[in-house]
Structures are given as structure tokens and as C-alpha cells.
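Novice: Okay, structure incoming, though there's no sequence with it:
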């Protein structure tokens, strides 16, 4: 079977798997950003309990494997009465895992906003919430955007693991096709190229574009 | 919460006018390092007081404490007849809570050595930020106010530029407009010319000169520009080792310093320039 | 806690501890491969032979942008298609070693970029050979700034070893899975795996930070 025949026969499945992978990536990215901002801010809260909660969350999710977390959420959580459908379990696990890494990016970026900015905002008598939202966060976003580019690629790669709980993503489809055809080089090779294209020709350009937009907003473009 | 006996730090209410700013036995230390040692300093309404002194003498700390950027370890600071760092409760004074601090902070404006303009906002937006989001002014009103002040500091034509497109002198002038837009009663200038190239210092000092000449603001300034300080100040305080070593009118202090340390400092500064 | 069975816990714990040994072995072997191969990858990118540098550069980008689990499948299944049979361990070590070699090569690159240009010029003025320049002058200076990244990826490779379970390497996750399908109890084995990972990765991360500080002090870099 030539490679073109292979694509003709299995292209549909690979394409539908790619769409699922993209959907997983977008959903888990949104979740990861939300968690990262929340946990990153909580990590800096004056209240010890709030800070402790965020620290425990971040350490647990960074200290164990995504695969362990995925299995735990999918197989163990139902025992506590929380049953997530496998697609949901998949993007929740990926989002929560990368969110913990993102939280450290958020915290680091906030801390690297120059101290003078806090002081100027205080001198204008802004409330703590206003200081954070109006002055510090916009600057922190620009500082952390490049690191988020890398993190989103890690997130895309992380979504491949949900195939192991049978979510029909790209990884799952090629694994199935390989199981019936044994055309491993074609199946896995195609998937590798698709992931590469998604990472380098979609996520990276998107993040560059976002950086440019933010830079322009800061008058630096 | 420790209660301070208010009678130990009385605010003078009869006789002369109530000072706009009053430090009563204010102490500040970091661990064993004493930055300010039982400081007493009154600044009258409309007065321009300049603080000079060697680095580490605690002069910037005075301004930062007034802006509540630093806490104090002892004593009381009064602004406009009310305690800044404390609030009256049960016959004594207790440490101010956030609400009280925010109320008091609205009386004070500050300009920094490194300008600290918000980089993600234009000059105009910088000047509108406080009036809109703190004072709750309507956008139109805040805009008018900001444009007026930017015109006053000679920055009207640059109002839509972001700070990164402005020179140091231009940024500092915007920062002055930003602080004035909050209509403070007391303005603090913390080494506002120290980070500037020599050729643009004049454009900032001229704005301050104009403020002194045309407005009845109470001002405290820390600077290394001795000539400028001499020209515009009502009073000069020479700080040394966390205390006021000597103070007086510019003519007295620069023309006829009495203390040896003042003489040493002034002659060292003169040699350097 | 909720339906937690201690007798079952203690019954499976020895099996999990043995499997932890395999996990550590996999992480250690994989890391050793990555450390050496990563150095080769970064040096290959610095040769004057342009086609080589371009190919290696692109390969590193490719490896870093695609999922490790897919690479593991690829290495394991593509061999037999062409008559080369690899054991799960061999395939796993190649895949994970290569993956982390790509990451480490980027860490080394960052470290090398920290070495001031003047050091190269000084070595040249002393007429040192290229190999000598690298091993005696440049690499010792590139190492300290690389340590933080190297440490992170040591913990990283450890946390990625569960992916080896997909091709049947009998590490921790694989064993927990096996226990789960034998006994239909997932709570204890999966939770224990999580705890074991935490118990190893958190102290390791802390130790690495200490080690890094020690090296910096040792080299007088404050």
C-alpha cells in the first residue's frame, strides 16, 4: 500500500482525531489559564490558608505525572461520586496539570513587574484589587507570554495521553489504525508530523501574534 | 493592637496655624539599623521644604513614610490635622487600618526618581487612571483635567504616546501631571531629576518652579540639585544619620552653615559639580 | 478515608516498591543517555558544516514539539516493520533518552551562550585546540548556568517514565494498572503511585536546588 493509498483510506479518521486533539488543546488551555491565574494569585495572598491551598495544589500537580493524574481523575474520582465523561476527564486532567505549571509563570511574572509600579499605583491611592488588575497584571501578561508559548506546546503534547483513556484523539486514532494495519511508520509518522505542524505552525505563530498585539498595546511595537 | 498615648504626640492647635505635615518623634529602623531617629518636622501649608543630605541619611525615607510606602516604628505623622499612620480610637491612637490609610493617601501625591509611569498606558491614560478609577470621575471630566495638566507641563502634544516613546524628562513631566490630577494637598518629589540626563533636568525643574510660583501646594522635595533647591525652597533641611542636623532658610543654610557636617557636605557637593 | 482498605494497601505495597526500583532505573538510564546525547546534539549544531547544523537543529525542534508517548510508540513499533525487534526497555530508553536529549541540548545551548566571547578569544590566543577549548575552558563555565535546567529535566524524566507503561515496561504505572485490572481496585494503587511520585520528586527538586546553590558558592558565583 502506497502512502497515498494509506492516506486515502485512513485520512478521515486521522483528520477527525486531529480535530479532537485541537478541541482538547483549546479547552484545556482555557482551563489551564484560568487555574494558573487563580492559583498564581492565591499563592501570593496575605492569608496563610489561601496561600497554603494554592501551594499544595501546585506541588501535587507538578510533583506527580500527568498520566498518574489522568488515571486518578478517570478511575478513582468516580469512587468519590464524581464521574467525568472521558473527554471531560481528559481535558480537565491536562488543564489542571499545566495550570499548576502556569501558576508559577503567573507568580514569577507578577513578581518581576518592577516595584516602582506597585508604588506608583499606591501613590495614586488605588485599591489593592485595582492595583493588580489595572497596573500589574497587564504588565505581567507581557512578561510571561513567551513562556506560555512553550507551555502551550507542552499542553498540546500532554493531550496525546488522553488516548490512553480511549478519547478518540489523533493519538488514539493512529494507535487503532496501527493495531489493524501494522503500518507503524505511516501511522505514527503521520501523527508526529501533524503534532509538529500544530505546534510550530499554529501555536507558535498564534503566540507570536498575541505578543505583537500586546506589545502594540504597550506602545512598544 | 498597641495604643499610643496621644498626649505624647500633641498636634499644635493653637497659636500658629496647624502645620500641613507634622512628624512627631518618628522613628524608623530596619532591624538594628536606625534610619530615622525620633524625627520632628513640621511643614506649613503652602511651604516648600527641601531635604538634602548624604545618601543613607534617611531623606528618601521621610517621603516614603508620608506616602505610606514604609511603615513607621514609633511616633506619629499628622497630615492636614489628622494622624496619617494612626487613627483615634478610645482616647488614644491605634495603627491606621486600610480604610483610614486610603482616606489619608488621597491628600498626598508623589513623583519618583524613576518616574514609574504605567508602560501600558499613554501619557493621557496615565493621567486619567487615578481620577477615573480612584476618584470616580466621569471619563470626560478626567480627560479635561488630564489634558489641562499635560498642557501645563508642556506635554499636550505627546499625550497619546506611551512612556517608552518619551525621554526621561518628558516621562517625569507626565508623572508630575499624573500626581497633580489627583488634586493632592501635599506633593512629594523624590529625587525627580536624579535619573535624568543633564540636558533635560531643566525642563523638569522648570515645571516645579512654575508649581511653586503659581500654586499654593505644600511640597516636600529630596534632591541633589543644590542650586535648584536654593532658588525655590522656603526652607532647607540637612539630614545626617537619621536626624535633622541643621535647617533654615536657603540663604542661611547655604550661605552660612553653622554645623561642621553641613559645611563638609556642602563643600563636598560643590567640589563634585 | 472513603473505602480505603489498609490490608489491601499493605498487600500491594511491596509490588509497587519493586516497581519503583524499575521506574528509578528507567529514569536514571534515560537521563544518562540524554546527558551525553544532548551534548552531542548541541555540539553538532556548532560545527561549521552547515547541512549538519540545520538538520540537527530541525530534529531537536521536531522532537521537542511532538508528544513523548507517540515517540515511544513510534520507536517500539516501527522497528519490527523493518525486521528490527526492540525490547520494550530498549525502545523505551531510546525514545525517552532522545526526547530529553533534545531538551538538554537546549539547556546546554543556553549555558554556552552565557560564556563571554572573550573566553573564546583568550583560548584562541593561547592556541588551544578546539577540543581543549571546549573541555577545559568553555564547558566548565557553561555548566553552572545549565544546572537549574538540568535538574528540572531530571525530575521531568522521572515524571515521564509512566509513559513507558504503554509499551509494557514494568515500571510503577504499569504495575498499578496490572493490580487494578487483577483486583478491580483502582483507588489504592493509583493513589499510592501518586504519593510515591510526590515522595521522590519533591525532595529531589529540593536537593537539586541545594546542589545548585552549593555549586555556585563553590565556583564563587555568589
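Specialist: On my side now, so go ahead. Keep in mind that what you see is a predicted model, and the values were worked out from it rather than measured.
Novice: contacts and neighbour counts: CA atoms only from here.
Specialist: Noted.
Novice: mind checking the SS state of residue B:75?
Specialist: The local conformation at residue B:75, judged by DSSP: H, G, I helix; E, B strand; the rest coil, is strand.
Novice: Poorly predicted segments of chain C, please.
Specialist: C:1-2, C:220-222 (pLDDT under 70).
Novice: Buried ones in the single longest helix found in chain A, by neighbour count?
Specialist: The longest helix of chain A (DSSP state H) is helix A:3-42. Neighbour counts over helix A:3-42 (16 or more other Cα atoms under 10 Å in any protein chain shown) mark A:7, A:13-14, A:17-18, A:20-22, A:24-29, A:31-37, A:39-42 as buried.
Novice: what does chain A have sitting close to chain C?
Specialist: By Cα under 8 Å from any Cα of the partner chain, the residues of chain A that approach chain C are A:59-60, A:63-65, A:67-69, A:71-72, A:75-76, A:79-80, A:153-154, A:156-158, A:160-161, A:171, A:182-185, A:188-189, A:191-192, A:195-196, A:199-200.
Novice: Using ChimeraX, make a named selection holding only the buried ones among the residues you listed.
Specialist: To isolate the buried subset of those in ChimeraX, counting by 16+ other Cα under 10 Å, use the following:
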select /A:60,63,64,65,67,68,69,71,72,75,76,153,154,156,157,158,160,161,171,182,183,184,185,188,189,191,192,195,196,199,200
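Novice: so how many other residues sit close to residue C:4?
Specialist: If you count neighbours by other Cα atoms under 10 Å in any protein chain shown, residue C:4 ends up with 11.
Novice: just residue C:160 next, same as before
Specialist: So residue C:160, with other Cα under 10 Å, has 20 neighbours.
Novice: Let's verify residue B:175: helix, strand, or coil?
Specialist: Assignment for residue B:175 (three-state DSSP): helix.
Novice: Contacts only, for it.
Specialist: By Cα atoms under 8 Å, 6 or more residues apart in numbering or on different chains, the residues touching residue B:175 are B:111, B:115-117, B:127.
Novice: May I ask which of those has the most neighbours?
Specialist: Most crowded among the contacts of residue B:175, counting by other Cα under 10 Å, is residue B:127 at 31 neighbours.
Novice: That residue touches residue B:178, doesn't it?
Specialist: Yes: Residue B:127 is within contact range of residue B:178, at 4.2 Å (criterion: Cα atoms under 8 Å).
Novice: Need the overlap of contacts for these two.
Specialist: Each of residue B:146 lies in contact with both residue B:127 and residue B:178 under the rule Cα under 8 Å, 6+ apart.
Novice: buried stuff in the helix or strand that the longest helix of chain A is followed by?
Specialist: Using DSSP states H and E, the helix or strand that follows helix A:3-42 towards the C-terminus is helix A:48-63. By neighbour count on 16+ other Cα under 10 Å, the buried set for helix A:48-63 is A:51, A:54-55, A:57-58, A:60-63.
Novice: mind listing which of the contacts of residue B:175 are in strands?
Specialist: residue B:111 (DSSP state E).
Novice: Mind putting the contacts of residue B:175 into CSV with distance to residue A:104?
Specialist: Output for those, formatted as CSV (distance: Cα to Cα, whole Å):
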residue, distance to residue A:104
B:111, 32
B:115, 29
B:116, 25
B:117, 26
B:127, 33
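Novice: tell me, which of the contacts of residue B:175 make contact with chain A?
Specialist: Those of the contacts of residue B:175 which are also neighbours of chain A are B:116-117, as judged by Cα under 8 Å from any Cα.
Novice: helix/strand/coil for the residue of chain B found nearest chain A?
Specialist: Residue nearest to chain A within chain B (Cα to the nearest Cα): residue B:120, separated by 4.1 Å. For residue B:120, the assignment made with three-state DSSP gives coil.
Novice: Name the nearest residue to it, sequence neighbours excluded.
Specialist: Closest residue to residue B:120 apart from its sequence neighbours, by Cα to Cα, 6 or more residues apart in numbering or on different chains: residue A:218 at 4.1 Å.
Novice: what's around residue B:227, how many residues?
Specialist: For residue B:227, the neighbour count with other Cα under 10 Å is 10.
Novice: Can I get the contacts of residue B:175 in a markdown table including distance to chain C and pLDDT?
Specialist: Listed next are those as a markdown table, based on distance: Cα to the nearest Cα, whole Å; pLDDT from 0 to 100:
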| residue | distance to chain C | pLDDT |
| --- | --- | --- |
| B:111 | 35 | 96 |
| B:115 | 31 | 94 |
| B:116 | 30 | 96 |
| B:117 | 32 | 95 |
| B:127 | 41 | 96 |
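Novice: Close to chain C: what parts of the stretch 101-250 of chain B are there?
Specialist: Counting by Cα under 8 Å from any Cα, the stretch 101-250 of chain B comes close to chain C at no residue.
Novice: mind listing the helices for the stretch 101-250 of chain B?
Specialist: B:123-133, B:139-152, B:168-180, B:201-214, B:226-232, B:250 (DSSP state H, counting those that start in this stretch).
Novice: With distance to residue C:44 added, can I get those in a markdown table?
Specialist: As requested, the helices of the stretch 101-250 of chain B are exported to a markdown table (distance: least, Cα to Cα, whole Å):
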| stretch | distance to residue C:44 |
| --- | --- |
| helix B:123-133 | 50 |
| helix B:139-152 | 57 |
| helix B:168-180 | 46 |
| helix B:201-214 | 53 |
| helix B:226-232 | 61 |
| helix B:250 | 70 |
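Novice: so where do the helices sit in chain C?
Specialist: Ranges of helices in chain C, per DSSP H, are C:6-44, C:50-65, C:68-81, C:88-114, C:117-125, C:130-132, C:139-160, C:172-183, C:187-218.
Novice: still on that earlier bit, the residue of chain B closest to chain A and residue A:138: what is the separation?
Specialist: According to Cα to Cα, to the nearest Å, residue B:120 and residue A:138 sit 7 Å apart.
Novice: do residue B:108 as well
Specialist: On the measure of Cα to Cα, residue B:108 and residue A:138 end up 26 Å apart.
Novice: Those two: who's more crowded?
Specialist: Between residue B:108 and residue A:138, counting by other Cα under 10 Å, residue B:108 is the more crowded of the two (25 against 20).
Novice: what does the helix or strand where residue B:28 lies rub up against?
Specialist: Applying DSSP H and E as the criterion places residue B:28 in strand B:21-30. With Cα under 8 Å, 6+ apart as the test, strand B:21-30 has contacts from B:9, B:11, B:34-45, B:71-81.
Novice: Equivalent analysis for stretch C:14-34, please.
Specialist: C:93-94, C:96-102, C:104, C:154, C:157-158, C:161-162, C:170-172, C:175-176, C:193.
Novice: And it, what's buried?
Specialist: Neighbour-count burial for stretch C:14-34 [16+ other Cα under 10 Å]: C:16-17, C:19-20, C:22-24, C:26-34.
Novice: Report the distance from it to the chain centre.
Specialist: Distance, stretch centre to chain centre, for stretch C:14-34: 12 Å (Cα atoms, centre = their mean, to the nearest Å).
Novice: Work out the gap between the host helix or strand of residue A:108 and the centre of the chain.
Specialist: Assigned by DSSP H and E, residue A:108 belongs to helix A:86-111. Its chain's average C-alpha position is 6 Å from that of helix A:86-111, according to Cα atoms, centre = their mean.
Novice: try stretch A:7-16
Specialist: Centroid separation for stretch A:7-16 versus its chain: 26 Å, with Cα atoms, centre = their mean.
Novice: Quick one: mean pLDDT over the one helix or strand residue A:207 maps to.
Specialist: Following DSSP H and E, one finds residue A:207 within helix A:204-217. Across helix A:204-217, the average pLDDT comes to 92.
Novice: Cross-check the contact I'm expecting between residue A:67 and residue C:164.
Specialist: No: under the criterion of Cα under 8 Å, residue A:67 makes no contact with residue C:164, lying 10.7 Å away.
Novice: Tell me, how many residues neighbour residue B:89?
Specialist: Residue B:89: 12 neighbours (other Cα under 10 Å).
Novice: do the same with residue A:162
Specialist: By other Cα under 10 Å, 28 other residues sit near residue A:162.
Novice: Please identify the residues of chain C in proximity to chain A?
Specialist: C:2, C:62, C:65-71, C:73-74, C:77-78, C:81, C:159-160, C:162-163, C:173, C:186-187, C:190-191, C:193-194, C:197-198, C:201-202.
Novice: Understood, closing this out.
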